[in-house]
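>>> Model the structure of this input:
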Amino acid sequence: MVGARLYIGVVILSLAVFLVAGCAGHPEGMKSPRELTDSEKDRVIEMALNTREASEWLKKENIYKTELEWIATVWENSEISGFWQIAYDWEADANLKNVPESAIFYPGVLIRFGEPELWQVMAAVDLKTEKVVLVQQNPFRTGPATGLKVRDASEARDTALTYLREHEGQNAPTAGIEWQAEDITPPGLVGVGMKEFASDEWTIKVSYPIVAPENTVYQVVVSSVKLGWHWKGSVDADGNVTEVSAFKQMSEAESWNLAEEFVRNSPTFVFDGITDTFRLADTLTARCPYCWVFIFEFDSAHAGYGDRTGQALAEVITHHKASIAVEQLEITSAVMDSKWDMIRQEMISSQQEKPEGTLSVAELLANPVYDTEVRIYGEVSALGELFCPCFELNSGGETIVVWYDLMVANDGTERPAVDVQGINNGDNIVVTGELKGEGGTHYSKGDFWASAIVVPL
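Prediction:
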């Protein structure tokens, strides 16, 4: 849920955005979120419902839901140049760290009209001036349309299943299955709906933009962890099916091929990757079924990431390491050199300040001190995803594997386990422990054994 909370307003081109102008500078707002009083919450919701955009929908739709959130804005003179939607429980939203320090926060309300949902209005409010500073709404969507073969997510599911039965025969999900439907749209996700349909053996996920029904294209993923099958395709409102990924058995080999194709087609490699340096460096098996992390390495002819056409580039051979996580033939994460998001094609923001008396992972690995207690800091990843009581810690562009249990020395002595309850992927932490030297029976050189883990305040 949290991973989907961050939305940069200036790039959501399909949304209509209305800014309240007429004032010098910008409304004061807040430098950081805080807990609102009950009366403040009521006032924010009241003001959001009284906006022109929400009022127009209240006249024709009496079913609606409200959800409090925070809107972080960046201003240029008297206009908003970008905004981020953050969960009301901001401390639990890992994306808060991606908001620029210069951002101004306003309490906001997301209003969802209709059941099923037809429209969304989001409003941000300056409590001090009692003015609405931002209103955002989705493109107009009419009610259920006649004459269309596919009008909602369940009909898109059925259309995809009919296609699979015609083309794949007995291996496809049979007719007559009773599906349990669930709305899995992350709270705060604007302009997109997501539905999941589950049976004893199959899971179908359908995502779609909230636009006019005749323009809706549904993305459908059919999979079975129990039987090992996977298929992906799109279904338009006229019932046309386009196969994106063939109906196939999930396997490590198929996952490897998917990850390798992704890296080879990535803008960084396409721009100036050196083909004969490309190699699979490592494969990690995660805990979930049909889940792997593939580590690829290659050299580029220049420094930098992505498509660098037109940029002044340093002509220096640059080594890259790409970590691609594949879960049931879906790429869920792709990070290069611990700093470049290959899916979003942007640098991974890191606003963590170096805690006093600590080393970054990069500093430790550059000048390794083995079997001696040190304190390192970084961002947690892969916690609960690897087949070991361990996780990855990232800082300074480097990554290390931190063990918090099953730390057994060569003489059989077992170190006490360290509690990781309450720690989540994306958290910034400080780990006290030691970098292991020459490998032993139960560990490898370069493993980091934790003796204490702290989440800085």
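>>> can you tell me which helix or strand residue 67 belongs to?
Assigned by DSSP states H and E, residue 67 belongs to strand 64-76.
>>> Name every strand pairing with the next helix or strand after that strand and say which way it goes.
Using DSSP H and E, the helix or strand that directly follows strand 64-76 along the chain is strand 79-87. Paired neighbours of strand 79-87 in the sheet (DSSP bridges): strand 64-76 (antiparallel).
>>> okay, the strand it pairs with in PDB with CA atoms only?
Taking Å, rounded to 0.1, in the frame of the first residue of the first chain, the C-alpha atoms of strand 64-76 are listed here in PDB:
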ATOM      1  CA  TYR A  64     -19.400   8.900  -1.400                       C
ATOM      2  CA  LYS A  65     -16.400   8.200   0.900                       C
ATOM      3  CA  THR A  66     -13.900  10.600   2.400                       C
ATOM      4  CA  GLU A  67     -10.300   9.900   3.300                       C
ATOM      5  CA  LEU A  68      -7.900  12.300   5.100                       C
ATOM      6  CA  GLU A  69      -4.400  12.600   3.800                       C
ATOM      7  CA  TRP A  70      -1.500  15.100   3.500                       C
ATOM      8  CA  ILE A  71      -0.700  17.100   0.400                       C
ATOM      9  CA  ALA A  72       3.000  18.200   0.200                       C
ATOM     10  CA  THR A  73       3.400  21.000  -2.300                       C
ATOM     11  CA  VAL A  74       6.300  22.700  -4.000                       C
ATOM     12  CA  TRP A  75       5.600  26.300  -5.000                       C
ATOM     13  CA  GLU A  76       7.200  28.600  -7.600                       C
END
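>>> Now do the buried residues in it.
64, 67, 68, 69, 70, 71, 72, 73, 74, 75 (16 or more other C-beta atoms under 10 Å). C-beta here means a position set from N, CA and C on the backbone, and glycine is covered the same way.
>>> That strand - what's its average pLDDT?
In this model, strand 64-76 has a mean pLDDT of 86.
>>> Enumerate the positions of the longest helix seen in the chain that are buried.
Longest helix of the chain, by residue count under DSSP state H: helix 153-168. Judged by neighbour count (16+ other C-beta under 10 Å), helix 153-168 contains these buried residues: 153, 155, 156, 157, 158, 159, 160, 161, 163, 164.
>>> so how far is the first residue of stretch 366-374 from its last?
One end of stretch 366-374 sits 14 Å from the other (C-alpha to C-alpha, to the nearest Å).
>>> Tell me the buried residues in that stretch?
Taking 16+ other C-beta under 10 Å as the criterion, stretch 366-374 shows residue 374 as buried.
>>> contact partners of that stretch?
The set of residues external to stretch 366-374 that reach it, using C-beta atoms under 8 Å, 6 or more residues apart in numbering, is 359, 364, 432, 433, 434, 435, 436, 437, 451.
>>> which residues sit in contact with the closest residue to residue 289 other than its chain neighbours?
Nearest non-adjacent residue to residue 289, counting by C-beta to C-beta, 6 or more residues apart in numbering: residue 225, 4.7 Å away. Neighbour list for residue 225: 203, 289, 290, 328 [criterion: C-beta under 8 Å, 6+ apart].
>>> you'd agree the second one is up against residue 326?
No - distance between residue 289 and residue 326: 11.9 Å, which falls outside the contact criterion (C-beta atoms under 8 Å).
>>> if you count what's nearby, which of these two comes out ahead?
Neighbours per residue, other C-beta atoms under 10 Å: of residue 289 and residue 326, the larger number sits with residue 326, 25 against 11.
>>> I figured that one hits residue 261, correct?
No - using C-beta under 8 Å, residue 326 makes no contact with residue 261, being 11.1 Å away.
>>> Now do the helices in this structure.
All helices of the chain, identified by DSSP H, fall at 38-49, 52-58, 153-168, 252-264, 267-272, 361-366.
>>> CA atoms only: put stretch 155-167 into PDB for me.
C-alpha atoms of stretch 155-167 as PDB (Å, rounded to 0.1, in the frame of the first residue of the first chain):
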ATOM      1  CA  GLU A 155     -16.500  -8.500 -17.500                       C
ATOM      2  CA  ALA A 156     -12.800  -7.900 -18.400                       C
ATOM      3  CA  ARG A 157     -11.900 -10.900 -16.300                       C
ATOM      4  CA  ASP A 158     -14.500 -13.100 -18.100                       C
ATOM      5  CA  THR A 159     -13.400 -11.900 -21.500                       C
ATOM      6  CA  ALA A 160      -9.800 -12.800 -20.700                       C
ATOM      7  CA  LEU A 161     -10.800 -16.200 -19.400                       C
ATOM      8  CA  THR A 162     -12.900 -16.900 -22.600                       C
ATOM      9  CA  TYR A 163      -9.800 -16.100 -24.700                       C
ATOM     10  CA  LEU A 164      -7.600 -18.400 -22.600                       C
ATOM     11  CA  ARG A 165     -10.100 -21.300 -22.800                       C
ATOM     12  CA  GLU A 166     -10.200 -20.900 -26.600                       C
ATOM     13  CA  HIS A 167      -6.400 -20.800 -27.000                       C
END
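>>> Show me the contact partners of that stretch.
With C-beta under 8 Å, 6+ apart, stretch 155-167 has contacts from 149-150, 172-175, 179, 195, 197, 204, 206, 208, 218, 220, 222, 231, 233, 235, 239, 241, 247.
>>> For it, give the mean pLDDT please.
Average pLDDT, stretch 155-167: 93.
>>> Begin at 48, not 1, for the rest of this chat.
In the new count, where the first residue is 48, that last one comes out as stretch 202-214.
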